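Enquirer: Need a 3D model of the following:
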Amino acid sequence: MTAAKAAGQRVVFTNGTFDIVHVGHIRSLQGARECGDLLIVGLNSDASVRSYKGPQLPIQPQAERAEVIAALRYVDYVTIFDEPTVDALLKLLEPHVHAKGTEYDPKTIPERETVMAYGGEIAIVGDSKAHSTSWLIKRIRELPE
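Expert: Purely as a prediction, here's the structure:
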C-alpha cells in the first residue's frame, strides 16, 4: 500500500460482510474502484458478523467470502477484521477514499471522524439499497421444493 501511494496511485477502502454476493455488492465494489486506482476490501470476520447479525450468520465462512471477493476484478486486496468498525484499519492504511454504500450518508458513516482526522475523503457508492442478502435468503426460503 505504501508503494502504491508512493507511485501516485489513489487508494480506496471499503468494507462489508459480503456473505451471499449479489448485484448490489458488485455495483458497490465497482463504484468504489471507480474512486481510485487500487481497492482494498475489509471483510467482517465470522465473529464480527455474528455479533451484529446474530448466531445464524454468516452463511459462508470468512475464508470463503474472502476468496470470492478477492476473485472479483475490481478488488486488489482483501483483509479480515474483527472489530465493530474499520477505524483501526483506516488509521493504519489511511486510504485516500473510504467508500460506503448508499444506505449511508456522508455524515452518518461510523468512521467519519477517523477519515476526516487523517485528511481522507468519503464516497457514497453503488445503487440504492434495493438488494440484500437478507432479501435473497427470504426469497430462497419461499421457493417451492
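Enquirer: Would you map the strands across the chain?
Expert: For the chain, the strands defined by DSSP state E occupy 11-16, 38-44, 77-81, 97-101, 121-125.
Enquirer: now for those strands, which one comes closest to Glu64?
Expert: strand 38-44 (10.6 Å; C-beta to C-beta). Using the backbone N, CA and C atoms, a C-beta is placed for each residue, glycine as well.
Enquirer: State the mean pLDDT of that closest one.
Expert: On average, the pLDDT along strand 38-44 is 98.
Enquirer: ok, now stretch 24-31?
Expert: According to the model, stretch 24-31 has a mean pLDDT of 96.
Enquirer: residues of that stretch that come out buried?
Expert: By 16 or more other C-beta atoms under 10 Å, the buried positions in stretch 24-31 come out as 24-25, 27-31.
Enquirer: for Asn44, what are its contacts?
Expert: Counting by C-beta atoms under 8 Å, 6 or more residues apart in numbering, Asn44 makes contact with 15-17, 58, 62, 80-81.
Enquirer: Any idea how far the helix or strand bottoming out on mean pLDDT in the chain is from the middle of the chain?
Expert: Sorting the helices and strands of the chain by mean pLDDT, DSSP states H and E puts helix 133-142 at the bottom, at a mean of 82. Taking C-alpha atoms, centre = their mean, to the nearest Å, the mean C-alpha location of helix 133-142 is offset from the chain mean by 21 Å.
Enquirer: Switch the strands of the chain over to a markdown table; also include distance to Glu142.
Expert: Below are the strands of the chain laid out as a markdown table (distance: least, C-beta to C-beta, whole Å):
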| stretch | distance to Glu142 |
| --- | --- |
| strand 11-16 | 25 |
| strand 38-44 | 27 |
| strand 77-81 | 32 |
| strand 97-101 | 25 |
| strand 121-125 | 30 |
